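# Just the structure for this:
(chains A and B)
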Amino acid sequence: MATREVEVLHPLTLDERVGLNPEPPLAVRTEAVRRRFGDRVVLDRIDLDIRKGEFVALLGRSGSGKSTFLRALAGLDEGVEGRITVPTARSVVFQDPRLLPWASVLDNVVLGLKGGDARDHGRQVLDEVGLGGHGDAWPKTLSGGEAQRASLARALVREPELLLLDEPFGALDALTRIRMHALLQRLCARYTPAVLLVTHDVDEALLLADRVLVLTEGVISLDVPVDVPAPRLRGDRQFISLRSRLLAELGVDEAAEGAHGKALP
Amino acid sequence: MTAVANQPPPVRGPVELVELRTSEDGGAQRKRRRLRVPRAVERLVGVVLLLAVWQLAASVGWIDEKTLAGPADVASTFWTMVTDGTLPDAIWVSLKRVVVGMAIGVPIGLVLALFSGLSRVGEDLTDSTMHMLRFVPLIALQPLIILWLGIGESAKISLIVLGAIFPIYVNTSNAIRSIDPRNLELARTLGLSRWATIRRIVLPAALPAFLVGLRMATGVAWLMLVFAEQINARSGIGYLMIKAQTFFQTDVIVVCLLVYAVLGVVSDFGVRSLEGRLLRWQPGR
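Numbers count the residues shown, from 1 in each chain, chains lettered A, B, ... in the order given. As a prediction, this is how the structure comes out:
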């Protein structure tokens, strides 16, 4: 606990955290995870460890099974084979905010929470995501970015040990996404959950994650630490070379597709 | 890639241009051009014209009083019926039948819908049966009902009860079954219990459809009332009409028809304002 307080005051990179505490506790362990839909094998043999406080991004082409893996970790898929160990306290943020339109924003955030101070806690987290004045609003009156922040607040108010993010910024415009990235970084530094971010956006993965995985044909084909120093900038040499490597792994030929040097949102 | 493929195609003209119509005052002039007659007045004009033609036809003698009484006669008959108490009494009796029938039928429809919508066994037991019964014309049940319950109040009310059950059942059970699976998935990730999921997600999601069912049930209830009251009734609006028929009192019949119409409109308005209150969260309300 004491070390975590230090981390809150001075957000550290993973390496430094490992230096302080050689073995942060495991938050996720999957062994030989396999998922078949009929004859089609979507996940083949996935062995993965994620430690507490670690931010892992999972990249993959569409249909690669990355969302299937996230759903397995969320406990939403009972047809999955293998062994999965996850914390009891886990939250999911989906691509769509999934706010219940008939409940106020605050009621959505504290949905299912027990205890008299749940609403106070909910207001406080809404404040943290910048929605302090919107607790009594109807969800349909929120903009896309605000709704997704409310959905993030709903995930964080449960103080998850594992935060599962399924392309949470995919439906947002480029400018809103930049602000959401910064917000997510701040919140992760404060709550230090283990994070699995599923995305198809290589830049997003490189900006946010400590470690990036690429899922290809049902297996993790690449697992690299992101050793780009903070603040991470898209123009950084290390950033660019890592991006090229990831894009190549994803089967994108930058020269042919004109992706090189183009600032993705 | 060859060099030719990288060459952008040459740009050729000409382009046909058109200038779009714009405004100098932000569109204010278009509004001013129209003559200002309030919509409410416009709507009234049609009704007033109809009444005028009707009155004219009655006064000149084109329509016999035994065929259809004129508006002035209808109005004075209405006033007599109000002051001597026959109309208020009849309205009270009829209204009571509808309210009691709805108060029994709506909960039955709702319970059946929940039973059928929330469990597979319930669906198998209830749904096909209900959809089969739905196509039995309720009015054709009248002989059976009279055999079972006689010709008293319970026979009339049970017809209204049956009329209310089906619209409530069909709308609500359908809404429960077609609930957004993403919201149920959300409930699982939030660790909601089955009861909490029903209370916080399933029931609110089905509420709009239930209210549509309630509006339809109200309409059917009035229909059933009219029918039940014209057979073997000793009181109520329908009874007044049947009695008037015997004495060729077309003015009384028209008054009763108008009362039915007004009661129907008022109860529909009541359900709609209930909708407005319960569905505040819907955009555009």
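# Contacts only, for residue B:62.
Contacts for residue B:62 (C-beta atoms under 8 Å, 6 or more residues apart in numbering or on different chains) come out as none. (C-beta placed from N, C-alpha, C; glycine too.)
# got the residues of the stretch 151-265 of chain A near chain B?
Selection of the stretch 151-265 of chain A residues close to chain B by C-beta under 8 Å from any C-beta of the partner chain yields A:154, A:158.
# Residue B:90 reaches residue B:240, doesn't it?
Yes. When contacts are counted by C-beta atoms under 8 Å, residue B:90 is listed as touching residue B:240 (5.2 Å).
# Pull up the overlap in contacts between the two.
Applying C-beta under 8 Å, 6+ apart, one finds that residue B:90 and residue B:240 are jointly contacted by residue B:256.
# More neighbours: which of the two?
Ranked by neighbour count (other C-beta atoms under 10 Å in any protein chain shown), residue B:90 and residue B:240 place residue B:240 first, with 26 against 22.
# Where do the helices of the stretch 101-250 of chain A begin and end?
A:105-109, A:118-128, A:144-156, A:174-191, A:202-208, A:237-249 (DSSP state H, counting those that start in this stretch).
# helices or strands up against the shortest one?
Put plainly, it is helix A:105-109. helix A:118-128, helix A:144-156 (3 or more C-beta pairs under 8 Å, 6 or more residues apart in numbering or on different chains; DSSP states H and E).
# Would you pull up how far that helix lies from the middle of the chain?
Distance of helix A:105-109 from the chain centroid (C-alpha atoms, centre = their mean, to the nearest Å) equals 21 Å.
# what's the nearest residue to residue A:80 if we skip its chain neighbours?
Excluding the flanking residues, the one nearest residue A:80 by C-beta to C-beta, 6 or more residues apart in numbering or on different chains is residue A:72, at 4.4 Å.
# ok, and what's touching the helix or strand containing the one you found?
Per DSSP states H and E: residue A:72 is located in helix A:66-74. Applying C-beta under 8 Å, 6+ apart, the contact partners of helix A:66-74 are A:28, A:30, A:33, A:35, A:42-43, A:46, A:58-60, A:77, A:80, A:84, A:86, A:90, A:92, A:162, A:164, A:166-167, A:196, A:198, A:215, B:189.
# Reformat the helices of the stretch 101-250 of chain A as TSV; add mean pLDDT and mean neighbour count.
Shown next, in TSV, are the helices of the stretch 101-250 of chain A (pLDDT from 0 to 100; neighbours: other C-beta atoms under 10 Å in any protein chain shown):
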stretch	mean pLDDT	mean neighbour count
helix A:105-109	94	24
helix A:118-128	91	17
helix A:144-156	92	24
helix A:174-191	88	16
helix A:202-208	91	22
helix A:237-249	88	16
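# For the residue nearest to residue A:80, give its distance to chain B.
Residue A:72 is 13 Å from chain B, where distance means C-beta to the nearest C-beta, to the nearest Å.
# Show the model's pLDDT score for that residue.
pLDDT for residue A:72: 92.
# Identify each buried residue in the longest helix seen in chain B, please.
If you go by DSSP state H, chain B has its longest helix at helix B:86-118. Within helix B:86-118, the residues scored as buried using 16 or more other C-beta atoms under 10 Å in any protein chain shown are B:87, B:90-91, B:93-94, B:97-98, B:100-102, B:104-106, B:109-110, B:112-118.
# got the buried residues for the helix or strand following that helix?
Counting by DSSP H and E, the next helix or strand C-terminal to helix B:86-118 is helix B:120-134. By 16+ other C-beta under 10 Å, the buried positions in helix B:120-134 come out as B:122-123, B:126-127, B:130.
# how far does helix B:120-134 sit from the chain's center?
Distance, stretch centre to chain centre, for helix B:120-134: 25 Å (C-alpha atoms, centre = their mean).
# which strands and helices sit next to that helix?
Where contact means 3+ C-beta pairs under 8 Å, 6+ apart, helix B:120-134 is packed against helix B:86-118, helix B:153-177.
# is it possible to export those to CSV including distance to chain A and mean pLDDT?
Listed next are those as CSV, based on distance: least, C-beta to the nearest C-beta, whole Å; pLDDT from 0 to 100:
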stretch, distance to chain A, mean pLDDT
helix B:86-118, 17, 94
helix B:153-177, 13, 93
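# Any chance of those helices in CSV with distance to residue B:234 as columns?
Shown next, in CSV, are those (distance: least, C-beta to C-beta, whole Å):
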stretch, distance to residue B:234
helix B:86-118, 9
helix B:153-177, 10
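# Select, out of the ones you listed, the one closest to residue A:106.
helix B:153-177 (25.9 Å; C-beta to C-beta).
# So the next helix-or-strand element following that closest one, near chain A or not?
Next helix or strand after helix B:153-177 toward the C-terminus (DSSP H and E): helix B:181-189. Yes. Helix B:181-189 is in contact with chain A by C-beta under 8 Å from any C-beta, via B:182-183, B:185-189.
# top of those residues by neighbour count?
Counting by other C-beta under 10 Å, top hit in the residues of helix B:181-189 next to chain A: residue B:186 with 26 neighbours.
# That residue - nearest residue in space that isn't next to it in sequence?
In space, residue B:186 is closest to residue A:98, 4.8 Å off (C-beta to C-beta, 6+ apart).
# would you say that neighbour is within a helix?
No. Residue A:98 is assigned coil when assessed by DSSP: H, G, I helix; E, B strand; the rest coil, not a helix.
# show me the residues around it that make contact.
A:151, B:182-183, B:186.
# And it, how close does it get to residue B:165?
To residue B:165, residue A:98 is 34 Å away according to C-beta to C-beta, to the nearest Å.
# swap in residue B:113?
Counting by C-beta to C-beta, the gap from residue B:113 to residue B:165 is 10 Å.
# swap in residue A:64?
Residue A:64 is 51 Å from residue B:165, by C-beta to C-beta.
# State the phi and psi torsions of residue A:92.
Per-residue torsions, residue A:92: phi -120, psi 140 (degrees, to the nearest 10).
# Correct me if wrong: residue A:137 contacts residue A:104.
Yes. Counting by C-beta under 8 Å, residue A:104 is a contact partner of residue A:137 at 6.7 Å.
# between the helix holding residue A:72 and helix B:181-189, how big is the angle?
40 degrees (axes from the mean of the first three to the mean of the last three C-alpha atoms, to 10 degrees).
# Please, which helix or strand holds residue B:196?
helix B:194-197.
# Tell me the helices and strands packed up against that helix.
Helix B:194-197 packs on helix B:181-189, going by 3+ C-beta pairs under 8 Å, 6+ apart.
# Tell me if the strand or helix carrying residue B:207 is near chain A.
Using DSSP H and E, residue B:207 maps to helix B:203-229. Yes. Judged by C-beta under 8 Å from any C-beta, helix B:203-229 and chain A are in contact via B:204-205, B:207.
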